[in-house]
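Engineer: how would this look folded up:
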Amino acid sequence: MVKAVLTQKGSRADLLAQRRRAMLDAAAEAFLEKGYAHTSLNDIIERSKGSLSTLYGQFGNKEGLLRAMIVETCVWPGAEATLEQDLSMEERLFELGMQFATTALTPKMIAVYRIITAEALRIPDLVKFFFETGPKRVRKRVQAQLRVSLPSNDTGLSYDDLARLFIGSIIGDLHFMYSLGMAPISHKQIEKHVEAAVHLFIRGLQWHRGKHGKA
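Structural biologist: Purely as a prediction, here's the structure:
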């Protein structure tokens, strides 16, 4: 009897997870196709084959759906973990850059970015939520790693300035191309790009310190 109850609970949980997944996928599809403002809950229900009660129970409303999509796509596994302390600065930044780039360039992340960009002027609260959940957390993590790798920071730039420069060098052009729907980017291309960006970032730090007599 106990075993049957556990199995039933497990099956129900699996079914609920499948329905949640279907609603998130349907919402992303509808938001991209029709725009966030012009997508109704009925559109999402029809596409996902779910129910309004399940949608309300899982997400509350349409805004809750988009917030759930943002959290799901912006926070990568182990995002708050500290990288191995015995890594060199270049190795540490490479690992961090790869984690960031491979997450930011997933189809789901690009889809959420397009939705937020398209609706930025209409839904400032959700834009702020997206920024706090994704970009701001990434910048803080880069700052934390730079503090470990460059504790004295005699560059004349703040850790925030350095984090912005690093993130820009890692993601800028690749994200721009992918967001415009250009050719998919392979893992090997990302790896090559991140390796070059990290190397040039560190060389840039050395040059900047040298220019200020601190090499």
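Engineer: buried sites along stretch 22-32?
Structural biologist: For stretch 22-32, the neighbour count (16 or more other C-beta atoms under 10 Å) marks 22-24, 26-32 as buried. Where C-beta positions appear, they are placed from N, C-alpha and C, glycine not excepted.
Engineer: Those in helices, which ones?
Structural biologist: Of the buried residues of stretch 22-32, the ones assigned to helices by DSSP state H are 22-24, 26-32.
Engineer: returning to what we had before: from the buried residues of stretch 22-32, which is closest to residue 97?
Structural biologist: For those, the residue nearest residue 97 by C-beta to C-beta is residue 28; the value is 26.3 Å.
Engineer: how near is that closest one to residue 171?
Structural biologist: Residue 28 sits 21 Å away from residue 171, going by C-beta to C-beta, to the nearest Å.
Engineer: same question, residue 204
Structural biologist: 17 Å.
Engineer: Likewise for residue 162?
Structural biologist: 15 Å.
Engineer: Could I get the average pLDDT for the one helix or strand residue 206 maps to?
Structural biologist: Using DSSP states H and E, residue 206 sits within helix 187-211. Regarding helix 187-211, the rounded mean pLDDT is 86.
Engineer: tell me what that helix is packed against?
Structural biologist: Applying 3 or more C-beta pairs under 8 Å, 6 or more residues apart in numbering; DSSP states H and E, we find helix 187-211 packed against helix 89-104, helix 159-179.
Engineer: got a list of contacts for that helix?
Structural biologist: By C-beta atoms under 8 Å, 6 or more residues apart in numbering, the surrounding residues in contact with helix 187-211 are 89-90, 93-94, 97-98, 101-102, 105, 150, 154-157, 162, 165-166, 169-170, 174, 215.
Engineer: swap the cut-off to 6 Å and go again
Structural biologist: Helix 187-211 is contacted from outside by 90, 93-94, 97-98, 101, 155, 166, 169-170, 215, using C-beta atoms under 6 Å, 6 or more residues apart in numbering.
Engineer: again, but for stretch 46-58
Structural biologist: 19-20, 22-23, 26, 45.
Engineer: again, but for stretch 22-31
Structural biologist: Contacts for stretch 22-31 (C-beta under 6 Å, 6+ apart): 39, 43-44, 47-48, 50, 55, 65, 69, 111, 115.
Engineer: Kindly reformat these as TSV containing pLDDT, neighbour count and secondary structure.
Structural biologist: Formatted as TSV, the contacts of stretch 22-31 follow (pLDDT from 0 to 100; neighbours: other C-beta atoms under 10 Å; DSSP: H, G, I helix; E, B strand; the rest coil):
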residue	pLDDT	neighbour count	secondary structure
39	93	22	coil
43	94	18	helix
44	94	25	helix
47	93	17	helix
48	92	21	helix
50	89	18	coil
55	93	23	helix
65	93	25	helix
69	92	23	helix
111	87	17	helix
115	89	23	helix
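Engineer: re the thing from before, state the pair within the contacts of stretch 46-58 that is farthest apart.
Structural biologist: Greatest spatial distance in the contacts of stretch 46-58: 20 and 45, 13.2 Å, computed using C-beta to C-beta.
Engineer: more crowded one of those two?
Structural biologist: Using other C-beta atoms under 10 Å as the criterion, residue 20 and residue 45 rank with residue 20 on top: 19 against 16.
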